[in-house]
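1. my questions concern the predicted model and sequence given below.
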Amino acid sequence: MIFGRKGSDGASDPSATALDDQVRRAPKALLHDHLDGGLRPQTIIEIADEIGYAGLPATDADSLGAWFRESADSGSLVRYLETFDHTLAVMQTTGGLRRVARESVLDLATDGVVYAESRYAPEQHLSQGLSLEDVVEAVNAGFREGEDLAAQAGTPIRVTALLTAMRHAAKSTEIAELAVRYRDRGVAGFDIAGAEAGFPPTRHLDAFEYLRRENAHFTIHAGEAFGLPSIWEAIQWCGADRLGHGVRIVDDITVGDKAFGEDVAAAVSAEAAEVHLGRLAAYVRDTRIPLEMCPSSNVQTGAAESVALHPISLLKRLRFRVTVNTDNRLMSGTSMSREMGLLVQDAGWTMEDLRWVTINAMKSAFIPFEERLAIIEGVVKPGYAALSEHAQA
Ligand SMILES: O=c1[nH]cnc2c1ncn2[C@@H]1O[C@H](CO)[C@@H](O)[C@H]1O
Ligand SMILES: [Zn+2]
(Lines give C-alpha, C1' and ligand atoms only; values in the text may rest on other atoms or scores of the structure.)
(Ligands and ions follow the chains in the order given, each with its own letter.)
Protein backbone atom coordinates (compact mmCIF):
# COMPACT_ATOMS: atom_id res chain seq x y z
CA MET A 1 0.00 0.00 0.00
CA ILE A 2 1.69 3.17 -1.20
CA PHE A 3 -0.24 5.82 0.66
CA GLY A 4 -0.60 4.09 3.98
CA ARG A 5 -4.41 4.20 3.93
CA LYS A 6 -6.29 2.09 6.39
CA GLY A 7 -10.00 1.27 6.64
CA SER A 8 -11.95 2.54 9.64
CA ASP A 9 -11.28 -0.70 11.55
CA GLY A 10 -7.56 -0.21 11.05
CA ALA A 11 -7.33 -3.01 8.48
CA SER A 12 -6.11 -2.37 4.95
CA ASP A 13 -8.90 -1.21 2.69
CA PRO A 14 -8.79 -3.45 -0.42
CA SER A 15 -10.39 -0.86 -2.72
CA ALA A 16 -7.76 1.67 -1.63
CA THR A 17 -5.04 -0.85 -2.45
CA ALA A 18 -6.50 -1.42 -5.92
CA LEU A 19 -6.58 2.32 -6.50
CA ASP A 20 -3.00 2.73 -5.27
CA ASP A 21 -2.03 0.07 -7.75
CA GLN A 22 -3.82 1.85 -10.61
CA VAL A 23 -2.17 5.15 -9.76
CA ARG A 24 1.25 3.51 -9.52
CA ARG A 25 0.80 1.79 -12.90
CA ALA A 26 -0.58 4.87 -14.67
CA PRO A 27 1.97 6.59 -16.95
CA LYS A 28 3.00 9.84 -15.28
CA ALA A 29 4.73 13.03 -16.46
CA LEU A 30 6.73 15.24 -14.11
CA LEU A 31 7.79 18.82 -14.89
CA HIS A 32 8.96 20.06 -11.50
CA ASP A 33 11.36 17.86 -9.54
CA HIS A 34 14.61 19.10 -7.97
CA LEU A 35 17.54 16.74 -8.43
CA ASP A 36 19.05 17.94 -5.14
CA GLY A 37 15.69 17.40 -3.41
CA GLY A 38 15.24 13.77 -4.40
CA LEU A 39 18.22 11.79 -3.08
CA ARG A 40 17.92 8.41 -1.39
CA PRO A 41 18.85 8.83 2.29
CA GLN A 42 21.16 5.81 2.12
CA THR A 43 23.03 7.37 -0.80
CA ILE A 44 23.56 10.58 1.14
CA ILE A 45 25.07 8.56 3.98
CA GLU A 46 27.32 6.55 1.69
CA ILE A 47 28.64 9.51 -0.30
CA ALA A 48 29.13 11.55 2.90
CA ASP A 49 31.24 8.68 4.21
CA GLU A 50 33.30 8.48 1.00
CA ILE A 51 34.08 12.19 0.88
CA GLY A 52 34.45 12.70 4.63
CA TYR A 53 31.45 14.99 5.12
CA ALA A 54 30.69 14.84 8.84
CA GLY A 55 27.81 17.32 8.98
CA LEU A 56 24.84 14.96 8.55
CA PRO A 57 22.17 15.21 11.26
CA ALA A 58 21.65 11.41 11.35
CA THR A 59 23.64 8.35 10.36
CA ASP A 60 21.00 5.77 9.48
CA ALA A 61 18.76 6.05 6.44
CA ASP A 62 15.39 5.99 8.24
CA SER A 63 16.33 8.70 10.74
CA LEU A 64 17.91 10.83 8.04
CA GLY A 65 14.80 10.57 5.85
CA ALA A 66 12.64 11.52 8.84
CA TRP A 67 14.95 14.44 9.65
CA PHE A 68 14.49 15.88 6.14
CA ARG A 69 10.72 15.55 6.25
CA GLU A 70 10.40 17.06 9.71
CA SER A 71 12.86 19.91 9.10
CA ALA A 72 11.09 20.80 5.87
CA ASP A 73 7.76 20.94 7.70
CA SER A 74 8.27 24.34 9.30
CA GLY A 75 5.75 26.39 7.30
CA SER A 76 8.58 28.61 6.04
CA LEU A 77 10.20 28.41 2.60
CA VAL A 78 13.46 29.82 3.90
CA ARG A 79 13.79 27.10 6.59
CA TYR A 80 12.70 24.48 4.08
CA LEU A 81 15.54 25.52 1.79
CA GLU A 82 18.14 25.20 4.57
CA THR A 83 17.82 21.40 4.43
CA PHE A 84 19.45 21.44 0.98
CA ASP A 85 22.85 22.17 2.57
CA HIS A 86 23.20 18.44 3.28
CA THR A 87 22.15 17.18 -0.13
CA LEU A 88 24.36 19.73 -1.88
CA ALA A 89 27.30 18.66 0.28
CA VAL A 90 27.30 15.19 -1.31
CA MET A 91 26.79 16.51 -4.86
CA GLN A 92 30.17 18.20 -5.38
CA THR A 93 32.02 15.47 -7.29
CA THR A 94 31.37 13.99 -10.70
CA GLY A 95 30.92 10.56 -9.09
CA GLY A 96 28.39 11.87 -6.57
CA LEU A 97 26.43 13.82 -9.18
CA ARG A 98 26.37 10.93 -11.59
CA ARG A 99 25.15 8.48 -8.96
CA VAL A 100 22.44 10.82 -7.67
CA ALA A 101 21.24 11.53 -11.22
CA ARG A 102 21.20 7.83 -12.16
CA GLU A 103 19.30 6.83 -9.03
CA SER A 104 16.74 9.60 -9.40
CA VAL A 105 15.88 8.33 -12.89
CA LEU A 106 15.51 4.78 -11.57
CA ASP A 107 13.31 5.90 -8.68
CA LEU A 108 11.05 7.88 -11.01
CA ALA A 109 10.81 5.03 -13.51
CA THR A 110 9.92 2.54 -10.79
CA ASP A 111 7.13 4.90 -9.77
CA GLY A 112 5.68 4.84 -13.30
CA VAL A 113 7.00 8.21 -14.45
CA VAL A 114 7.55 8.08 -18.23
CA TYR A 115 8.72 11.65 -18.77
CA ALA A 116 10.55 13.91 -16.31
CA GLU A 117 12.25 17.28 -16.31
CA SER A 118 14.75 17.31 -13.45
CA ARG A 119 16.15 20.65 -12.31
CA TYR A 120 19.22 21.68 -10.33
CA ALA A 121 21.43 24.74 -9.97
CA PRO A 122 24.89 24.08 -11.46
CA GLU A 123 26.31 27.05 -9.53
CA GLN A 124 25.68 25.17 -6.26
CA HIS A 125 27.97 22.28 -7.21
CA LEU A 126 31.28 24.11 -7.62
CA SER A 127 32.71 24.03 -4.08
CA GLN A 128 35.16 21.17 -4.75
CA GLY A 129 36.54 22.57 -7.97
CA LEU A 130 34.15 21.33 -10.67
CA SER A 131 33.35 23.67 -13.56
CA LEU A 132 29.78 24.41 -14.64
CA GLU A 133 30.33 22.16 -17.68
CA ASP A 134 31.67 19.31 -15.51
CA VAL A 135 28.49 19.48 -13.44
CA VAL A 136 26.12 19.40 -16.42
CA GLU A 137 28.04 16.57 -18.06
CA ALA A 138 28.17 14.43 -14.91
CA VAL A 139 24.43 14.83 -14.36
CA ASN A 140 23.70 14.10 -18.03
CA ALA A 141 25.84 10.95 -17.85
CA GLY A 142 23.88 9.81 -14.80
CA PHE A 143 20.56 10.49 -16.53
CA ARG A 144 21.60 8.48 -19.60
CA GLU A 145 22.75 5.57 -17.40
CA GLY A 146 19.48 5.70 -15.50
CA GLU A 147 17.47 5.71 -18.73
CA ASP A 148 19.38 2.68 -20.03
CA LEU A 149 18.90 0.73 -16.80
CA ALA A 150 15.22 1.66 -16.61
CA ALA A 151 14.66 0.52 -20.20
CA GLN A 152 16.38 -2.79 -19.42
CA ALA A 153 14.10 -3.18 -16.39
CA GLY A 154 11.01 -2.71 -18.58
CA THR A 155 10.14 0.76 -17.21
CA PRO A 156 11.27 3.14 -19.96
CA ILE A 157 11.53 6.83 -19.11
CA ARG A 158 12.75 9.97 -20.87
CA VAL A 159 14.53 12.50 -18.65
CA THR A 160 15.80 15.94 -19.48
CA ALA A 161 17.43 18.63 -17.37
CA LEU A 162 16.41 22.18 -16.53
CA LEU A 163 19.22 24.41 -15.30
CA THR A 164 18.27 26.60 -12.35
CA ALA A 165 19.85 29.90 -11.33
CA MET A 166 19.50 30.93 -7.68
CA ARG A 167 17.42 34.08 -7.37
CA HIS A 168 19.49 35.63 -4.56
CA ALA A 169 22.72 35.18 -6.57
CA ALA A 170 24.05 36.97 -9.66
CA LYS A 171 24.82 34.13 -12.01
CA SER A 172 21.58 33.93 -13.95
CA THR A 173 22.94 35.14 -17.30
CA GLU A 174 25.86 32.73 -17.09
CA ILE A 175 23.49 29.84 -16.31
CA ALA A 176 21.10 30.89 -19.08
CA GLU A 177 24.04 30.80 -21.51
CA LEU A 178 24.97 27.36 -20.21
CA ALA A 179 21.40 26.14 -20.78
CA VAL A 180 21.49 27.39 -24.38
CA ARG A 181 24.92 25.84 -24.98
CA TYR A 182 23.62 22.43 -23.84
CA ARG A 183 20.14 22.66 -25.31
CA ASP A 184 20.74 19.88 -27.81
CA ARG A 185 22.65 17.84 -25.24
CA GLY A 186 20.24 16.90 -22.49
CA VAL A 187 19.11 20.33 -21.28
CA ALA A 188 15.60 21.48 -22.18
CA GLY A 189 15.28 24.77 -20.33
CA PHE A 190 16.01 27.19 -17.52
CA ASP A 191 14.48 28.11 -14.15
CA ILE A 192 15.06 30.38 -11.19
CA ALA A 193 14.53 29.16 -7.62
CA GLY A 194 15.37 29.99 -4.02
CA ALA A 195 13.78 32.31 -1.47
CA GLU A 196 11.11 34.35 -3.23
CA ALA A 197 10.35 37.29 -0.92
CA GLY A 198 12.78 40.14 -1.59
CA PHE A 199 14.12 38.56 -4.80
CA PRO A 200 11.68 39.40 -7.59
CA PRO A 201 12.22 37.70 -10.95
CA THR A 202 12.89 41.07 -12.64
CA ARG A 203 16.34 41.03 -10.96
CA HIS A 204 17.17 38.49 -13.68
CA LEU A 205 15.62 40.28 -16.63
CA ASP A 206 18.87 40.19 -18.64
CA ALA A 207 18.89 36.40 -18.47
CA PHE A 208 15.26 36.11 -19.54
CA GLU A 209 15.66 38.59 -22.41
CA TYR A 210 18.70 36.65 -23.59
CA LEU A 211 16.74 33.35 -23.48
CA ARG A 212 13.87 34.84 -25.45
CA ARG A 213 16.23 36.12 -28.14
CA GLU A 214 17.63 32.59 -28.28
CA ASN A 215 14.15 31.02 -28.63
CA ALA A 216 14.82 29.08 -25.42
CA HIS A 217 12.33 27.85 -22.82
CA PHE A 218 12.11 28.83 -19.17
CA THR A 219 9.99 28.52 -16.10
CA ILE A 220 10.10 30.68 -12.97
CA HIS A 221 9.31 29.75 -9.36
CA ALA A 222 6.63 32.35 -8.61
CA GLY A 223 3.54 32.69 -6.46
CA GLU A 224 4.71 30.25 -3.80
CA ALA A 225 5.94 32.28 -0.80
CA PHE A 226 4.98 35.59 -2.37
CA GLY A 227 1.81 36.56 -4.20
CA LEU A 228 0.46 38.18 -7.32
CA PRO A 229 3.21 40.74 -8.01
CA SER A 230 5.69 37.90 -8.35
CA ILE A 231 3.45 36.02 -10.80
CA TRP A 232 2.74 39.18 -12.76
CA GLU A 233 6.45 40.00 -13.10
CA ALA A 234 7.29 36.42 -14.07
CA ILE A 235 4.76 36.49 -16.90
CA GLN A 236 4.52 40.08 -18.08
CA TRP A 237 8.07 41.33 -17.50
CA CYS A 238 10.10 38.16 -17.81
CA GLY A 239 7.97 36.19 -20.29
CA ALA A 240 7.95 32.86 -18.42
CA ASP A 241 6.65 29.90 -20.42
CA ARG A 242 5.46 28.21 -17.22
CA LEU A 243 5.08 29.02 -13.52
CA GLY A 244 6.74 26.98 -10.78
CA HIS A 245 3.91 26.56 -8.24
CA GLY A 246 1.82 29.64 -9.11
CA VAL A 247 -0.60 28.69 -6.31
CA ARG A 248 -1.10 32.26 -5.23
CA ILE A 249 -2.90 33.01 -8.51
CA VAL A 250 -5.97 32.29 -6.39
CA ASP A 251 -5.39 35.70 -4.75
CA ASP A 252 -6.83 37.04 -8.03
CA ILE A 253 -9.93 34.84 -7.84
CA THR A 254 -13.11 35.65 -5.95
CA VAL A 255 -15.90 33.25 -5.14
CA GLY A 256 -19.27 34.94 -4.69
CA ASP A 257 -18.20 38.16 -2.97
CA LYS A 258 -15.34 36.58 -1.02
CA ALA A 259 -11.61 36.36 -1.70
CA PHE A 260 -10.33 32.78 -2.08
CA GLY A 261 -8.53 32.98 1.26
CA GLU A 262 -11.57 34.15 3.23
CA ASP A 263 -13.32 30.80 3.05
CA VAL A 264 -10.97 28.29 1.50
CA ALA A 265 -13.21 25.27 2.12
CA ALA A 266 -16.11 26.88 0.25
CA ALA A 267 -13.82 28.24 -2.47
CA VAL A 268 -12.14 24.92 -3.41
CA SER A 269 -15.52 23.32 -3.99
CA ALA A 270 -17.17 26.33 -5.69
CA GLU A 271 -19.08 26.00 -8.95
CA ALA A 272 -17.52 27.75 -11.94
CA ALA A 273 -20.55 30.07 -12.21
CA GLU A 274 -19.87 31.62 -8.79
CA VAL A 275 -16.25 32.35 -9.59
CA HIS A 276 -14.79 35.60 -10.87
CA LEU A 277 -11.27 35.86 -12.29
CA GLY A 278 -9.27 39.07 -12.07
CA ARG A 279 -7.30 40.17 -15.13
CA LEU A 280 -4.09 38.35 -14.26
CA ALA A 281 -5.84 35.07 -13.42
CA ALA A 282 -7.86 35.39 -16.64
CA TYR A 283 -4.65 36.01 -18.61
CA VAL A 284 -3.00 32.92 -17.14
CA ARG A 285 -6.02 30.78 -18.02
CA ASP A 286 -6.67 32.35 -21.44
CA THR A 287 -3.07 31.94 -22.58
CA ARG A 288 -2.85 28.40 -21.14
CA ILE A 289 0.19 29.15 -18.98
CA PRO A 290 1.09 25.85 -17.29
CA LEU A 291 1.07 25.79 -13.50
CA GLU A 292 3.59 23.35 -12.00
CA MET A 293 1.76 22.60 -8.76
CA CYS A 294 3.33 20.63 -5.91
CA PRO A 295 0.69 19.86 -3.27
CA SER A 296 2.75 18.33 -0.42
CA SER A 297 5.56 20.84 -0.79
CA ASN A 298 3.07 23.70 -0.63
CA VAL A 299 1.58 22.34 2.59
CA GLN A 300 5.06 22.09 4.12
CA THR A 301 6.05 25.67 3.23
CA GLY A 302 2.66 27.07 4.25
CA ALA A 303 1.55 28.00 0.71
CA ALA A 304 -1.52 25.76 1.17
CA GLU A 305 -3.40 24.54 4.24
CA SER A 306 -3.75 20.90 3.25
CA VAL A 307 -3.99 18.74 0.14
CA ALA A 308 -7.78 18.65 0.57
CA LEU A 309 -7.91 22.48 0.58
CA HIS A 310 -5.17 23.03 -1.99
CA PRO A 311 -6.15 25.56 -4.69
CA ILE A 312 -5.24 22.99 -7.35
CA SER A 313 -8.72 21.44 -7.19
CA LEU A 314 -10.50 24.73 -7.95
CA LEU A 315 -7.95 25.59 -10.64
CA LYS A 316 -8.47 22.18 -12.24
CA ARG A 317 -12.23 22.66 -12.26
CA LEU A 318 -11.79 26.09 -13.84
CA ARG A 319 -9.61 24.40 -16.47
CA PHE A 320 -6.39 26.25 -15.85
CA ARG A 321 -3.45 24.36 -17.40
CA VAL A 322 -2.75 22.52 -14.13
CA THR A 323 0.01 19.92 -13.66
CA VAL A 324 0.88 17.78 -10.60
CA ASN A 325 4.48 17.56 -9.41
CA THR A 326 6.69 16.36 -6.57
CA ASP A 327 9.07 19.35 -6.08
CA ASN A 328 11.36 17.59 -3.56
CA ARG A 329 10.70 13.90 -3.03
CA LEU A 330 13.15 13.63 -0.13
CA MET A 331 11.97 16.68 1.83
CA SER A 332 8.32 15.75 1.33
CA GLY A 333 8.79 11.97 1.59
CA THR A 334 6.81 11.73 -1.61
CA SER A 335 6.56 10.43 -5.17
CA MET A 336 4.30 11.16 -8.13
CA SER A 337 2.08 8.23 -7.14
CA ARG A 338 1.80 9.56 -3.63
CA GLU A 339 0.92 13.12 -4.75
CA MET A 340 -1.71 11.77 -7.13
CA GLY A 341 -3.00 9.31 -4.55
CA LEU A 342 -3.41 12.11 -2.01
CA LEU A 343 -5.42 14.14 -4.51
CA VAL A 344 -7.66 11.14 -5.07
CA GLN A 345 -7.98 10.32 -1.38
CA ASP A 346 -8.19 13.80 0.15
CA ALA A 347 -9.52 15.99 -2.66
CA GLY A 348 -11.83 13.61 -4.54
CA TRP A 349 -9.87 13.41 -7.80
CA THR A 350 -10.64 10.64 -10.32
CA MET A 351 -8.42 8.63 -12.66
CA GLU A 352 -9.79 10.83 -15.46
CA ASP A 353 -8.46 13.90 -13.62
CA LEU A 354 -5.05 12.22 -13.36
CA ARG A 355 -5.07 11.45 -17.06
CA TRP A 356 -5.98 15.07 -17.81
CA VAL A 357 -3.14 16.56 -15.73
CA THR A 358 -0.71 14.08 -17.27
CA ILE A 359 -1.65 15.20 -20.77
CA ASN A 360 -1.45 18.81 -19.60
CA ALA A 361 2.10 18.16 -18.38
CA MET A 362 3.13 16.55 -21.66
CA LYS A 363 1.63 19.43 -23.64
CA SER A 364 3.66 21.83 -21.49
CA ALA A 365 6.98 19.96 -21.60
CA PHE A 366 10.03 21.76 -22.98
CA ILE A 367 11.01 19.02 -25.46
CA PRO A 368 10.00 19.46 -29.13
CA PHE A 369 6.33 19.17 -30.14
CA GLU A 370 6.67 15.93 -32.07
CA GLU A 371 8.37 14.22 -29.15
CA ARG A 372 5.66 15.41 -26.77
CA LEU A 373 2.99 14.13 -29.12
CA ALA A 374 4.72 10.76 -29.44
CA ILE A 375 4.62 10.31 -25.64
CA ILE A 376 0.99 11.45 -25.37
CA GLU A 377 -0.25 9.23 -28.20
CA GLY A 378 2.17 6.33 -27.80
CA VAL A 379 2.47 6.05 -24.02
CA VAL A 380 0.04 8.14 -21.95
CA LYS A 381 -3.24 7.50 -23.78
CA PRO A 382 -2.65 3.76 -24.33
CA GLY A 383 -1.46 3.42 -20.71
CA TYR A 384 -4.65 4.92 -19.31
CA ALA A 385 -6.80 2.98 -21.78
CA ALA A 386 -5.19 -0.28 -20.59
CA LEU A 387 -5.89 0.67 -16.98
CA SER A 388 -9.58 1.27 -17.59
CA GLU A 389 -9.94 -2.00 -19.56
CA HIS A 390 -8.24 -3.79 -16.69
CA ALA A 391 -10.57 -2.10 -14.17
CA GLN A 392 -13.65 -3.16 -16.17
CA ALA A 393 -12.45 -6.75 -16.71
O1 LIG B 1 9.88 24.98 -3.63
C2 LIG B 1 10.93 25.59 -3.85
N3 LIG B 1 10.90 26.94 -3.97
C4 LIG B 1 12.01 27.65 -4.25
N5 LIG B 1 13.21 27.10 -4.37
C6 LIG B 1 13.31 25.76 -4.23
C7 LIG B 1 12.20 24.96 -3.97
N8 LIG B 1 12.62 23.69 -3.88
C9 LIG B 1 13.94 23.69 -4.08
N10 LIG B 1 14.37 24.95 -4.30
C11 LIG B 1 15.75 25.41 -4.51
O12 LIG B 1 16.17 25.05 -5.81
C13 LIG B 1 17.55 24.70 -5.76
C14 LIG B 1 17.98 23.98 -7.01
O15 LIG B 1 17.33 22.75 -7.18
C16 LIG B 1 17.63 23.94 -4.45
O17 LIG B 1 18.97 23.84 -3.97
C18 LIG B 1 16.76 24.78 -3.55
O19 LIG B 1 17.50 25.82 -2.96
ZN1 LIG C 1 10.60 23.88 -6.79
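-> Nice, thanks for sending it over. Ligands and ions are numbered 1, 2, ... in the order given.

2. run through the neighbouring helices and strands of the helix ranked longest in the chain.
-> Ranked by number of residues, the top helix in the chain under DSSP state H is helix 132-152. Helices and strands touching helix 132-152, by 3 or more C-beta pairs under 8 Å, 6 or more residues apart in numbering; DSSP states H and E, are helix 94-110, strand 158-166, helix 172-181. Where C-beta positions appear, they are placed from N, C-alpha and C, glycine not excepted.

3. what is the burial count for the residue in the stretch 151-300 of the chain that ligand 1 sits nearest to?
-> Residue of the stretch 151-300 of the chain nearest ligand 1, by C-beta to the nearest ligand atom: Ala193 (3.4 Å). Look at Ala193: counted by other C-beta atoms under 10 Å, it has 22 neighbours.

4. also Glu262?
-> 12.

5. same check, this time on the one 4 residues further on
-> Number of residues near Ala266 (other C-beta under 10 Å) recorded here: 13.

6. and it, how far from Ala304?
-> 16 Å (C-beta to C-beta, to the nearest Å).

7. show me which residues of the chain are close to ligand 1?
-> For the chain, the residues in contact with ligand 1 (C-beta under 6 Å from any ligand atom) are 34, 36-37, 77, 81, 84, 119-121, 124, 164, 193-194, 221, 224, 297, 327-328.

8. mind listing what Ser74 touches?
-> Listed by C-beta atoms under 8 Å, 6 or more residues apart in numbering, the contact partners of Ser74 are Tyr80, Gln300.

9. now the helices for the stretch 251-393 of the chain?
-> Using DSSP state H, counting those that start in this stretch, the helices of the stretch 251-393 of the chain run over 264-268, 279-286, 295-301, 312-317, 329-332, 336-347, 351-364, 369-375, 381-392.

10. need the ones you listed in TSV with mean pLDDT, can you?
-> Output for those, formatted as TSV (pLDDT from 0 to 100):
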stretch	mean pLDDT
helix 264-268	90
helix 279-286	98
helix 295-301	94
helix 312-317	97
helix 329-332	98
helix 336-347	97
helix 351-364	98
helix 369-375	98
helix 381-392	88
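
11. just give me how far the longest helix of the chain sits from the chain centre.
-> Offset of helix 132-152 from its chain centre (C-alpha atoms, centre = their mean, to the nearest Å): 19 Å.

12. so Ala281 sits against Asp252, correct?
-> Yes. Proximity of Ala281 to Asp252 meets the contact threshold set by C-beta atoms under 8 Å, at 4.0 Å.

13. most tightly surrounded among the helices and strands packed on helix 132-152?
-> strand 158-166 (a mean of 24; mean count of other C-beta atoms under 10 Å).

14. relative orientation of it and helix 172-181 in degrees?
-> 160 degrees (axes from the mean of the first three to the mean of the last three C-alpha atoms, to 10 degrees).

15. and the angle from strand 158-166 to helix 94-110?
-> Orientation check (the same axes, to 10 degrees): strand 158-166 against helix 94-110 gives 130 degrees.

16. tell me the mean pLDDT over strand 158-166?
-> For strand 158-166, the mean pLDDT works out to 98.

17. for the residue of the stretch 151-300 of the chain closest to ligand 1, list each beta-bridge partner.
-> For Ala193, the beta-bridge partners under DSSP bridges are Met166.

18. give the contact list for it.
-> Neighbours of Ala193 in contact, by C-beta under 8 Å, 6+ apart: His34, Arg119, Ala121, Thr164, Met166, Arg167, His221, Gly244.

19. again, 10 Å this time
-> Taking C-beta atoms under 10 Å, 6 or more residues apart in numbering, we find Ala193 in contact with 32, 34, 37, 81, 119-121, 162, 164-167, 219-221, 224, 244.

20. where along the stretch 201-350 of the chain do the strands fall?
-> 218-222, 242-245, 253-255, 258-259, 275-277, 291-293, 322-324 (DSSP state E, counting those that start in this stretch).
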